[in-house]
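*Asks:* model this:
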Amino acid sequence: MTLQTEKVGHKDLTGGTSTILHSHPGGGSNEIKIGQSVGAKGATVQVDFAQAFTGVPKVSLTPWSAHIASLVEVTVSYFKWTNDSKSGDVTVDWLAIYV
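*Replies:* Sure thing, here's the model as predicted:
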């Protein structure tokens with residue numbers, strides 16, 4: 001029989017040698033929003049956040065299939081993207097994160 005131990009936290013914190021552990025510079029609120037949006041051929045689409053971020057988020061677009069979509073503008077309240085496809089409507093999954 002093999003005894004396995006569970007690692008609960010970072011060794012510096014659980015070992016008592018440190019009381020603060022910071023994994024990324026600047027801190028932040030770790031706000032994340034996800035969704036899906038559809039845009040007609042050549043259209044610029046605005047996606048409004050139900051609740052504004054506390055700072056300007058980073059936004060990532062993932063178009064379905066081989067379609068092309070470009071991010072145009074990002075604010076704390078919304079972002080805009082353009083359907084650059086020559087063939088028709090484009091559906092994108094999007095992720096907005098502020099850390």
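
*Asks:* Below-threshold pLDDT in this structure: ranges please.
*Replies:* Across the chain, the ranges flagged by pLDDT under 70 are 1-29.

*Asks:* what sits against Asp89?
*Replies:* Val38, Gly39, Ala40, Lys41, Asn83 (Cβ atoms under 8 Å, 6 or more residues apart in numbering). Where you see a C-beta, it was placed from the backbone N, CA and C, and this is true even at glycine.

*Asks:* Tyr98 now?
*Replies:* Tyr98 sits next to Gly28, Ser29, Asn30, Glu31, Phe53, Thr54, Gly55, Val56, Pro57, Lys58 when contact means Cβ under 8 Å, 6+ apart.

*Asks:* Can you select the buried ones from the contacts of Asp89 in PyMOL?
*Replies:* A single PyMOL command selects the buried members of the contacts of Asp89 (16 or more other Cβ atoms under 10 Å):
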select buried, resi 39+83
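
*Asks:* how about the helices of this structure, start to end?
*Replies:* Under the criterion DSSP state H, the chain contains helices at 11-14.
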